[in-house]
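Participant: I would like the atomic coordinates for the input below:
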Amino acid sequence: LDSSTTQIWPSDTGSGNRASAEAAEILEIEKAASNTPGSYRYLVSARWWNSWTSWSSFGKRGLARDQGTSAARPGPIDNSSLIDRPTDQLKPNLREQVDFVLVSEPAWVQLKKWYPDSGPEVCREVFLEGAAKRPRVMLYPYTVFVHTLSGWSKPCKICICGTATVAELKTKACEELKEEEEEV
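Facilitator: Numbering: from 1, shown residues only. Next up is the predicted model:
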């Protein structure tokens, strides 16, 4: 399937064709996805992902679903196990491939079409790390609260990568506060 003609499947279909089609489409989306600075990755609970890959045979050679499998199509993506409820922040010490997997923004959008009511949404920006400039995702970005001198507006909360410059922080703050950078 191509993303311009994506079919949103009825939720009661459990056929192998649907499973294979979902797996094939996510595979194509991920192959084409950008991993450049400024692009985004979304966290998906490993529990849900493993259930979906068992059902769809995602990542298995040929993506052909074993017709003898008893795996059921999973319900909506449930990322609640990744979130600390009192703070609404990610739980500490989460591990990729153990607690969560990362998918591209286009893959997340497609999965949400197929699995409405998924969430909570956890998005992280891609940045380049080290001399090798390897694409990485900062799981626990810095949180900065920006206050205006007038004090009349509510402080804005900005999450920013540890490698960001002061100029990038200023740009994000101006966007959030709807201020012109030249006037700040």
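
Participant: how close does the most centrally placed residue in the chain sit to residue 130?
Facilitator: Geometric centre of the chain, nearest residue: residue 42, 0.9 Å, by C-alpha atoms, centre = their mean. Counting by C-beta to C-beta, to the nearest Å, the gap from residue 42 to residue 130 is 24 Å. For glycine as for every other residue, the C-beta is placed from the backbone atoms N, C-alpha and C.

Participant: One more: residue 35?
Facilitator: Shown here: residue 35 relative to residue 130, a distance of 15 Å by C-beta to C-beta.

Participant: got it, and residue 169?
Facilitator: 21 Å.

Participant: low-confidence ranges in the protein?
Facilitator: For the chain, the stretches flagged by pLDDT under 70 are 1-16, 60-70, 150-153, 183-184.

Participant: what about 80?
Facilitator: Along the chain, segments meeting pLDDT under 80 span 1-16, 59-70, 129-130, 147-155, 159, 161-164, 181-184.

Participant: So which residues of it form helices?
Facilitator: Counting by DSSP state H, the chain has these helices, from start to end: 16-32, 46-56, 105-114, 166-177.

Participant: Buried by neighbour count: which residues of the third one qualify?
Facilitator: Going back to what we said before, that points to helix 105-114. 105-108, 110-112, 114 (16 or more other C-beta atoms under 10 Å).

Participant: The last one now?
Facilitator: Neighbour-count burial for helix 166-177, counted by 16+ other C-beta under 10 Å, picks out 172-174, 177.

Participant: hang on, the earlier thing: reformat the helices of the chain as TSV; add distance to residue 75.
Facilitator: Formatted as TSV, the helices of the chain follow (distance: least, C-beta to C-beta, whole Å):
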stretch	distance to residue 75
helix 16-32	14
helix 46-56	9
helix 105-114	11
helix 166-177	35
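
Participant: Good, we can wrap up now.
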